[in-house]
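K.L.:
This is a predicted model, with the sequence first.
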Amino acid sequence: MNTASGKDATVSGGSEVTSSDDNSWSAPTVEQPFTKNDKDWWEADKAHFLFPRGIVVGKRNNKKCKYADVMLSVDHQGTNCPSGEGSVTFGNKNIASGESATVTGGFKNEARGEVSAVMGGQQNQVSKGKASSIAGGFNNIATGTASVVAGGQDNKAKGDNSSIAGGSKNEATGGHSHISSGMSNIAAGEGAFVSGGKGNTASGYYASAVCGGENNEATHDLSTVVGGKSNKAISRYSSVFGGLENDASGEYSSISGGKENIAAGPHSSVSGGVSNKANGPYSSVTAGQGNQATGKYSSITAGMNNIVRGECSSVTGGSKNSVMGKYASVSSGNSNKADEEHSSVSGGRNNRATGKYSSVSAGTLNTASGSFSSVSGGRDNKATKNFSSVLGGFKNEAYGTYSSVGGGHLKKATATYEFIPKVE
């Protein structure tokens, strides 16, 4: 028990304080919140602590920082600056200037946006994006509202709700755009997506995607490029799946692979090969090199330097074959032509089916020019009148309607219904 009995005496502490003089004063008893344990550590009791002002643990930044009224800083060197109200800084040389912004680790990071956050890394910056964040990495920037950079180096999430998971020098500038990884990729369209690779661009509106590869572009709405190099899907709903320097420019067009292929017609497709073109609506080239399907619903299955311009026409294979007529076809061979509707050449070389419903089956330098005419084989044979035919041989001619030459050399059937050789 402490006692103050002299004039103007005081007691400033202790327990059971008494005073016998009217002018004496005694301080109230104060309960201490900390107790030193046997290891020379101060331990707090179990009550909550309420600090109406900011707290600095470590050293104070006395250079350029204007501390917020309410803040928290763990700063062993005196270099952090929590200047935003309700801000928090850990680490070294970090700045949290946005309201309720936090930097919880790393070096030279900045959280300037409202309720923004940097969790670690070095020289990362949330410059103005509200509720945006950077998890780590080096020299990353998040400027869009609610934008995110998870890691990597020199990445920029500029669009609102954009995100970058990692990689280097990637930019997500479209709203809700995303880049998973890779290098120097750009997701510029609303909802655009790049999953990796290098130098890829997804700029179409909503859900255009580039999944890997290098220097690929998906520039229109809902366009897609999956892998490869220097591929382009530049029309709505177009797609390229691998290969090199392929170009899907028609709406709903697709290229499955290969090199330097073009699908320019609406709903056109190229499955593979080199330098093939599907320019007609609903046209297709399956494989080969230098083939062109320009007619509506036209198709080329394989071969080299074949051309199909007729509607619903086809070349199955061979080289330098051409089909100009509707519903016409060349099955194989070299330099064959089916020029009229429903005409066909099955094979051979330099054969021509120029009449409606005409056909050449094989051989070389044969011509079927009459409607419903046919040449089955041989060389330099001609069926020129309607329903005429030459079965084979060399330089035979069927000039008469319904005429026919069965074979041989330099035979001519000139009369209607004439058949050579004559039947005795």
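P.N.:
Good, I have the coordinates. Bear in mind that the values here come from a model prediction, so they are computed numbers and not experimental data.
K.L.:
Before we move on, what's the pLDDT of residue 11?
P.N.:
Here, the pLDDT recorded for residue 11 equals 49.
K.L.:
no, scratch that, I was asking about residue 124
P.N.:
pLDDT recorded at residue 124 is 97.
K.L.:
just residue 221 next, same as before
P.N.:
For residue 221, the model assigns a pLDDT of 93.
K.L.:
right, and it touches residue 205 too?
P.N.:
Yes - at 4.4 Å, residue 221 counts as touching residue 205 under the criterion of CB atoms under 8 Å. (Each C-beta comes from the backbone N, C-alpha and C, glycine too.)
K.L.:
neighbour-wise, which of the two wins?
P.N.:
residue 221 (18 against 15; other CB atoms under 10 Å).
K.L.:
Give me the common contacts of residue 221 and residue 205.
P.N.:
Contact with both residue 221 and residue 205 is made by residues residue 189, according to CB atoms under 8 Å, 6 or more residues apart in numbering.
K.L.:
what sits against the residue positioned nearest the centre of the chain?
P.N.:
The C-alpha lying nearest the average C-alpha coordinate of the chain belongs to residue 210 (CA atoms, centre = their mean; 1.4 Å). Counting by CB under 8 Å, 6+ apart, residue 210 touches 185, 193-195, 197, 200-202, 216-218, 224-226.
K.L.:
what's the answer for residue 60, then?
P.N.:
Here residue 60 is in contact with 75, 78 (CB under 8 Å, 6+ apart).
K.L.:
for stretch 42-50, what is the average pLDDT?
P.N.:
Computed over stretch 42-50, the average pLDDT equals 86.
K.L.:
Using PDB, list the CA coordinates for that stretch.
P.N.:
Extracted in PDB, the C-alpha atoms of stretch 42-50 (Å, rounded to 0.1, in the frame of the first residue of the first chain):
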ATOM      1  CA  TRP A  42       6.600  -9.000 -24.400                       C
ATOM      2  CA  GLU A  43       3.300 -10.800 -24.700                       C
ATOM      3  CA  ALA A  44      -0.100  -9.200 -25.300                       C
ATOM      4  CA  ASP A  45      -3.200 -10.200 -23.500                       C
ATOM      5  CA  LYS A  46      -6.200 -11.600 -25.300                       C
ATOM      6  CA  ALA A  47      -8.100  -8.300 -25.700                       C
ATOM      7  CA  HIS A  48      -8.500  -6.500 -29.100                       C
ATOM      8  CA  PHE A  49      -6.300  -3.500 -29.800                       C
ATOM      9  CA  LEU A  50      -7.800  -0.300 -31.300                       C
END
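K.L.:
what does it rub up against?
P.N.:
By CB under 8 Å, 6+ apart, stretch 42-50 touches 33, 34, 35, 36, 37.
K.L.:
For residue 56, see how far away residue 295 is.
P.N.:
78 Å (CB to CB, to the nearest Å).
K.L.:
Can you list the neighbours in contact with stretch 71-86?
P.N.:
Outside stretch 71-86, the residues touching it (CB under 8 Å, 6+ apart) are 54-62, 64-70, 87-101, 103, 111.
K.L.:
List buried residues within these.
P.N.:
54, 56, 61, 65, 67-68, 70, 87-98, 100-101, 103, 111 (16 or more other CB atoms under 10 Å).
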